[in-house]
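[1] structure, please.
(chains A and B)
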Amino acid sequence: MNYKIPRGTFDILPADSSKWQYVQQVFRKVAASFGYREITTPIFEMAELFERSSGESSDVVQKEMYRFTDQKGRSFALRPEGTAPVVRSYVENHLEMQGGRTRLYYMGPMFRYDRPQAGRYRQFYQYGVEFIGSNHPYYDAEVIALEMTFLKALGLTRPRLEINSVGCAECARDYDKALRDYYAPHLNELCPDCQKRYELKPRRLLDCKVPSCKAFRKDAPSQFDYLDASCREHFDAVCRYLDQMKINYQINPAIVRGLDYYTNTAFELICDELGAQNSIAGGGRYNALIAQVGGKDTPGIGFAGGFERLLLALEKENIQLPQNPNPALFMVLMGEEAVDFALPLIAELRQKGIYVDYNPEKGSFKAQLKAADSMNARYALIIGEHEAISRTLVLKDLSSGEQQSLSADELLSFPFEA
RNA sequence: GUGGAUGUAGUUCAAUGGCAGAGCACCGGAUUGUGGUUCCGGGCGUUGUGGGUUCGACUCCCAUCAUCCACCCCA
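    Okay, the predicted model is just below:
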């Protein structure tokens, strides 16, 4: 039987693992500099957590969740997103007791049963942050600034920030009603998808790609006319903070987050070179979520980004990421005495963190040096019969070809790059 | 879930329905004390899988799986 990897999943192979480690490490550093602490939650939760928080009508819940029941018939789901589990943990562990403002970040695999495509997988890796405990617009800008700092630290310049306000629950209800009123007379002229959108999520009508549906868009009511004074003020304040932080953005009224829990600020980071799956991060405010999950009425804001798309974007900008290291030193040993002499030295060098390799299966000098070369080693350490007897070593620089003779002590203090 | 393209060696790609090939990579060798360049040698691979048409299928047809692209959705 030949086993194959499940559809929509991928292995992170050794050739790429250092890239993944690198971007994760940069994210951890940036998050820490903003005062965020890491939280790790299980990859599965009660299915109901996602059904209630994301919304029964959302695509994620309706058709993309991996559900299963355990041996006792309890209903679980592989997490399709990270915010609900973090909020669940926040409420369950009373993290709100530790001061008013809670800053959390997380990273790990998420799961959605979706048709795979470039930049879209069934198991994919996200990083994200949640700021819980304040509705102050400064924090909306702060989480955005965190993401922008992260991208900048990686050297990315092309992603674009788009921002919108979906208003509070009341504004959203008013706006949905206005949209339905506007589209109602044209309902049978809309595409079948839009007819569903009309029922489920009217604001999705605004970014339909079917030309006949697009035609109605220009006279459709605007989100901004239906924001109440405090929502409008909140949005303006967020924009002002972004201006002060010198973060560029475009206001895009069509930004609609897929999950039901979002209120007010919604934003997305878009990298145009990535094709159809061009959103590398997205987030927004969720002032009703915490109460909905059973906590006290507490506002929050956060975002999540996808590592796969981030890596694609880095590739598009030709940004070099760390490769796996090459050996600092490759041993070329001839004869038992040389091996006796060398093995303790190898052990000491490795103890110092220096990458040393040796291949006892290669018989001749030539073959051993060839092996050193194919491993891209920086130096070869040659010990033959003469050296074993005289207790000296020959260190050969494999890029220049120069050799020098050293003692064991000199080798151990040689400035190898660890 | 819908539509389209693609699937040949580790990899990138060839092969008017008529013997499945090449570059790169890989392994071995050119007198076990000096690598990279060079030279020589090394390939039967379930042509993604299963059916069908045909004297004969990598090639045509159907199904299936996978990848990619678009829709959808989103990270």
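[2] can you list contacts of the helix or strand A:Glu315 falls within?
    Applying DSSP states H and E as the criterion places A:Glu315 in helix A:307-316. Helix A:307-316 has contacts (C-beta atoms under 8 Å, 6 or more residues apart in numbering) with A:19-20, A:23-24, A:107, A:118-119, A:121, A:124-127, A:154-156, A:158-159, A:271, A:273-274, A:277-281, A:321. Every C-beta, even on glycine, is put in place using the N, C-alpha and C of the backbone.
[3] how about A:Gly302, phi and psi?
    Phi and psi for A:Gly302, reported as degrees, to the nearest 10, are phi -170, psi -180.
[4] count of residues packed around it?
    A:Gly302: 25 surrounding residues under other C-beta atoms under 10 Å.
[5] what is it paired to in the beta sheet?
    Counting by DSSP bridges, A:Gly302 is bridged to A:Glu130, A:Gly284.
[6] my read: it touches A:Leu289, true?
    No - the criterion here is C-beta atoms under 8 Å, and A:Gly302 misses it with A:Leu289 at 9.8 Å.
[7] please name the nearest non-neighbouring residue to A:Trp62.
    Rather than Trp, residue A:62 is Gln. Nearest residue to A:Gln62, sequence neighbours excluded (C-beta to C-beta, 6 or more residues apart in numbering): A:Glu56, at 7.5 Å.
[8] neighbouring contacts of whichever helix in chain A runs longest?
    Longest helix in chain A, counting residues (DSSP state H): helix A:14-33. Under the criterion C-beta under 8 Å, 6+ apart, residues A:12, A:38, A:105, A:107, A:125, A:127, A:129, A:146, A:149-150, A:153-154, A:307, A:310-311, A:314, A:321-325 lie in contact with helix A:14-33.
[9] what lines up beside the helix or strand following it in the sheet?
    Toward the C-terminus, helix A:14-33 is succeeded by strand A:37-38 as the next helix or strand (DSSP H and E). According to DSSP bridges, strand A:37-38 has the following sheet partners: strand A:102-111 (parallel).
[10] averaged pLDDT, the strand it pairs with. What do you get?
    For strand A:102-111, mean pLDDT is 97.
[11] from the contacts of helix A:307-316, which land in strands?
    Members of the contacts of helix A:307-316 lying in strands (criterion: DSSP state E): A:107, A:124-127, A:279-281.
[12] go back to those residues and keep what's next to RNA strand B.
    A:124, A:126, A:279-281 (C-beta under 7 Å from any atom of the strand).
[13] for burial, what's the neighbour tally of A:Thr9?
    13.
[14] what about it, helix or strand, and which?
    Counting by DSSP H and E, A:Thr9 is part of no helix or strand.
[15] same check on A:Glu81?
    Using DSSP H and E, A:Glu81 sits in no helix or strand.
[16] quick one: it from A:Glu51, how far?
    To A:Glu51, A:Glu81 is 12 Å away according to C-beta to C-beta, to the nearest Å.
[17] list the residues that contact the residue lying closest to A:Leu411 once chain neighbours are set aside.
    Counting by C-beta to C-beta, 6+ apart, A:Leu411 lies nearest to A:Leu393, which is 5.5 Å off, once chain neighbours are set aside. Counting by C-beta under 8 Å, 6+ apart, A:Leu393 touches A:345, A:381-383, A:387, A:405-408, A:411.
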